[in-house]
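[1] With the input below, show me the fold.
(one chain, ligands or ions: 1)
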Amino acid sequence: MNDLSNLDELLASRAAETRRTIEPCTVVIFGASGDLTARKLIPALYHLAMEGALPLPYRIIGFARREKTDDTWREELHTALQQFSRTKPLNEDVWKAFAANVHYCQADISDDAGYEKLKSTIQSFDNDKLKKNLLFYLATNPSQFGEIAEHLNRVGLLHKEEGGITTERLVVEKPFGHDLASAKALNAELIRFAHERQIFRIDHYLGKETVQNILTFRFSNGIFEHLWNRDSIDHVQITVGEKIGVGSRGGYYEESGAMRDMVQNHVLQVLSLVAMEPPVSLEAENVRDEKVKLLKSIRAMSAAESAKNVVRGQYFAGEVEGEARPAYRSEPKVNAKSNVETFVAMKLLIDNWRWSGVPFYLRTGKNLPLSASEVRIQFKPAPNILFAAKSGTKLDPNSLTLRLQPDEGITLRFNGKVPGAAMELRPVRMRFSYDTEFGAYTPEAYERLLLEAIAGDATLFIRRDEVETAWGIVDAIRSFWADKPLTNREFYLAGTWGPTAADDLLTSDGREWRNPQPQK
Ligand code: BG6
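    Numbering: from 1, shown residues only. Now for the predicted structure:
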């Protein structure tokens, strides 16, 4: 007899089975001594190996300048894994088998000889596929991307492959440029040596389960898709909040600010998944076409509209969860008169058939009260008759909240009758939690992204026109800020939800921010 879980199993759609088979592959990490390698890339590869998800055989080569042997690099990685692995303690048997596949190539990024050495290491592998299926992960400064691609091309490890399944691929980290012009220049450099199909631009938000679930939720459920438009939705709020300050990253942050660090990539990616049209298939190009179309439908703002619809902020000293936080201007490596924004809130309008007239309110910031990212779909209120006529503005309009992190899940909020003789109503919630439903298994975004890049599936990576369109949006807004110092109303105390100007953005439209709530 079938119990419910068996039935679920039978009904489960096995979309993943149609994926391309993953071939044995050599992964070369440039910037192998860096933070990203130790914190994210090696832990992700170790977990993929532990789950048997990596193709066999596989090899990982670290390419960096520092003097090291294979063994000393392995020891360093072992220590880093003990600190950064999402599962502890380490499985020493898995680690031993994994470490045997890890090599180090000591070389300078600008030195031809280093690439020859890399080539001979790859050629020494005794499996043909390991010599041909090559994934180059550029975890370096973007200014070095072009140079690395050129060197790889020169020694014959990277060819521009025009068609078919690509076997030589480049994965590039963010930031992809610092504005439209630099992103275009970077793209132009890379496409000299690699076809667009060989370039995998990372936005780690796309590796998050909950972000991928936005499309599953929208396009595998008939009931919600019917409501997903201007007829039923009053407005949408997207919050990507962080309770950390900039800490030791002041040097980087001074060059970036929240707009370039978070909005240009993560926030606009979430927006495009929430608002895009259904793609004609789940193929990478079809999904990415729709995301680009959505980004292109965002209404451009004049200087006056931007002054009204975009709020920037910077944190003052304050407290987050009882812990004192310095002002941004007092953080290490930050200019004491800096006008860099640590918070952005804005109202965007999307000029297409589905969303005409529906505002999208976005906000992100550092030193906010909670680290929480969510999308709140706020539906239109019920007609002003019956209960609504009696309760007036106290009757809560329905909302659907996609909790991206933490407490991953979805909440539907609607009104219910409080038991008793009096006709009293109040909002109640239906909650879906990933943890309760699927257990605590939450793979790191990098696990999924590395596996997709190894498989050659670009769906979760940013295409050239996508990155450029997103820069266009951000650059236009930033150009109105140029040289304008922050005004008093643009500062906020660390530990609050941004400057009051961000609240005004909604109250002037007769709406209010609904702040993420810690879940019990
Ligand atoms: C990074 C930004 O891309 O994303 C950081 O550079 C930010 O400033 C981080 O803290 C947020 O990622 P997550 O996965 O912690 O939400």
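[2] Give me the local confidence score for Asn6.
    Per-residue pLDDT puts Asn6 at 53.
[3] Likewise for Lys520?
    64.
[4] Go through the helix ranked longest in the chain and flag the buried ones.
    When the chain is parsed with DSSP state H, its longest helix is helix 464-481. By neighbour count on 16 or more other CB atoms under 10 Å, the buried set for helix 464-481 is 464-478, 481. Backbone N, C-alpha and C define where each C-beta goes, glycine included.
[5] Over to stretch 388-407?
    388, 391, 395-407.
[6] Sort out for me which of the residues you listed are in helices.
    Per DSSP H, the subset of those in helices is Ala388, Ser391.
[7] what's the closest of the buried residues of helix 464-481 to Glu173?
    For the buried residues of helix 464-481, the closest approach to Glu173 (CB to CB) belongs to Val467, at 12.5 Å.
[8] Please report how far that closest one lies from Val240.
    Per CB to CB, to the nearest Å, Val467 is found 18 Å from Val240.
[9] Okay, now the unreliable bits of this protein?
    Applying pLDDT under 70 to the chain picks out residues 1-20, 441, 520.
[10] hmm, try it at 90
    Counting by pLDDT under 90, the chain has low-confidence residues at 1-22, 161-166, 225, 383-396, 422-424, 438-444, 482-483, 517-520.
[11] Mind checking which residue lies nearest the centre of it?
    Central residue of the chain (CA atoms, centre = their mean): Tyr205, 1.7 Å from the mean position.
[12] Contacts only, for the closest residue to it other than its chain neighbours.
    Distance criterion CB to CB, 6 or more residues apart in numbering; nearest residue to Tyr205, sequence neighbours excluded, is His266 at 4.3 Å. By CB atoms under 8 Å, 6 or more residues apart in numbering, the residues touching His266 are Asp203, Tyr205, Val240, Thr364.
[13] biggest separation within those residues, which pair?
    Using CB to CB, the contacts of His266 reach their maximum pairwise distance at Asp203 and Thr364, which is 13.9 Å.
[14] How many neighbouring residues does the residue nearest to Gly34 when sequence neighbours are not counted have?
    Nearest residue to Gly34 in three dimensions, chain neighbours excluded: Ala139, at 5.7 Å (CB to CB, 6+ apart). Ala139 has 22 neighbouring residues, counting by other CB atoms under 10 Å.
[15] Surely Ala139 touches Val27?
    No: Ala139 is not in contact with Val27 according to CB atoms under 8 Å; the separation is 11.2 Å.
[16] picking up where we left off before, what sits against the residue nearest to the centre of the chain?
    Contacts of Tyr205 (CB under 8 Å, 6+ apart): Val211, Asn265, His266, Gln269, Val270, Ala445.
[17] about what we covered before: adding secondary structure and distance to Ser232, write the contacts of His266 out as CSV.
    Shown next, in CSV, are the contacts of His266 (DSSP: H, G, I helix; E, B strand; the rest coil; distance: CB to CB, whole Å):
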residue, secondary structure, distance to Ser232
Asp203, coil, 29
Tyr205, helix, 26
Val240, strand, 24
Thr364, strand, 26
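[18] Just name the closest of those to Lys293, please.
    Asp203 (17.8 Å).
[19] Helices of the stretch 1-150 of the chain, start to end?
    Taking DSSP state H, counting those that start in this stretch, the helices of the stretch 1-150 of the chain run over residues 4-11, 35-36, 42-50, 70-84, 92-99, 112-123, 128-132, 145-154.
[20] swap in the stretch 301-450 of the chain?
    Under DSSP H, counting those that start in this stretch, the stretch 301-450 of the chain gives helices at 303-309, 386-391, 434-438, 445-455.
[21] picking that back up, using JSON lines, lay out the contacts of Tyr205 together with distance to Ala49.
    JSON lines is the format used below for these (distance: CB to CB, whole Å):
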{"residue": "Val211", "distance to Ala49": "24"}
{"residue": "Asn265", "distance to Ala49": "28"}
{"residue": "His266", "distance to Ala49": "28"}
{"residue": "Gln269", "distance to Ala49": "28"}
{"residue": "Val270", "distance to Ala49": "30"}
{"residue": "Ala445", "distance to Ala49": "17"}
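[22] got a winner among those for most neighbours?
    Neighbour tally across the contacts of Tyr205 (other CB under 10 Å): the maximum, 26 neighbours, falls on Val270.
[23] Could you say which helix or strand holds that one?
    helix 268-275 (DSSP states H and E).
[24] ok, and what's touching that helix?
    So helix 268-275 is contacted by 203, 205-206, 211, 214-215, 218, 236, 238, 240, 290-291, 294-295, 348, 350, 354-355, 360, 362, 373, 375, 377, 402, 404, 462, 470, 473-474 (CB under 8 Å, 6+ apart).
[25] Keep only those of these that are in strands.
    Val236, Ile238, Val240, Leu348, Phe360, Leu362, Ser373, Val375, Ile377, Leu402, Leu404 (DSSP state E).
[26] before we move on, the earlier item: any idea which of the buried residues of helix 464-481 is the one closest to Arg325?
    Of all the buried residues of helix 464-481, Trp481 has the smallest distance to Arg325: 24.0 Å, by CB to CB.
[27] separation between the closest residue to the closest one other than its chain neighbours and Ala470?
    Distances taken as CB to CB, 6+ apart place Arg312 nearest to Trp481, at 6.6 Å, with adjacent residues excluded. Using CB to CB, Arg312 is found at 18 Å from Ala470.
[28] separation between the nearest residue to Arg65 once chain neighbours are set aside and Arg66?
    Closest residue to Arg65 apart from its sequence neighbours, by CB to CB, 6+ apart: Asp108 at 5.3 Å. Taking CB to CB as the criterion, Asp108 is separated from Arg66 by 10 Å.
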